[in-house]
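> okay, here's the prediction I keep looking at, along with the sequence it came from:
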Amino acid sequence: MAIKVVVQFKALKDRQEAFEAIMHSVSADLPGVSGCQGVEVLKDLDDACRFTLVESWENEAIHKAHIDGLIADGTWAMISGHLAEDPVSGYFQTL
């Protein structure tokens, strides 16, 4: 069953521009990952440090495997170094 993953990030003020560049890369690169059906990157109108990803995946297991890969290769450590707080995320289905 196809699922949506919604992730909310709060970047550090002094890393906001660098984090936004990461989000542009995610927008360009993530749809090429096996199992990813698309991604939308949103930037908050009132808080330039707040971003939301809405990702579409074939299923939850494929997404979790992707995240495990980001942790294993150090990508997640690089991303999290730009964050003011832990991201908030969840899995959703379209009604």
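Thanks, I have the structure now.
> and the residue nearest to L53 when sequence neighbours are not counted, what element?
Spatial nearest neighbour of L53, chain neighbours left out: V7 (4.4 Å); criterion: CB to CB, 6 or more residues apart in numbering. Every C-beta, even on glycine, is put in place using the N, C-alpha and C of the backbone. For V7, the host element (DSSP states H and E) is strand 3-10.
> show me which residues of that strand are buried.
Within strand 3-10, the residues that count as buried by 16 or more other CB atoms under 10 Å are I3, K4, V5, V7, F9, K10.
> for stretch 9-19, same thing?
F9, K10, A11, Q16, F19.
> distance-wise, check the first one relative to E40.
Spatial separation of F9 from E40 under the definition CB to CB, to the nearest Å is 14 Å.
> what of the third one?
A11 sits 18 Å away from E40 when distances are taken as CB to CB.
> of the buried residues of strand 3-10, just say which sits nearest to A77.
A77 has its nearest neighbour among those in F9, at 14.8 Å by CB to CB.
> Three-state assignment for the residue minimising distance to the centre of the chain, please.
Centroid-nearest residue in the chain, with CA atoms, centre = their mean: L53, separated by 5.0 Å. Secondary structure state of L53, per DSSP: H, G, I helix; E, B strand; the rest coil, is strand.
> beta partners of it?
V7, V41 (DSSP bridges).
> buried ones in stretch 55-73, by neighbour count?
E55, S56, W57, H63, H66.
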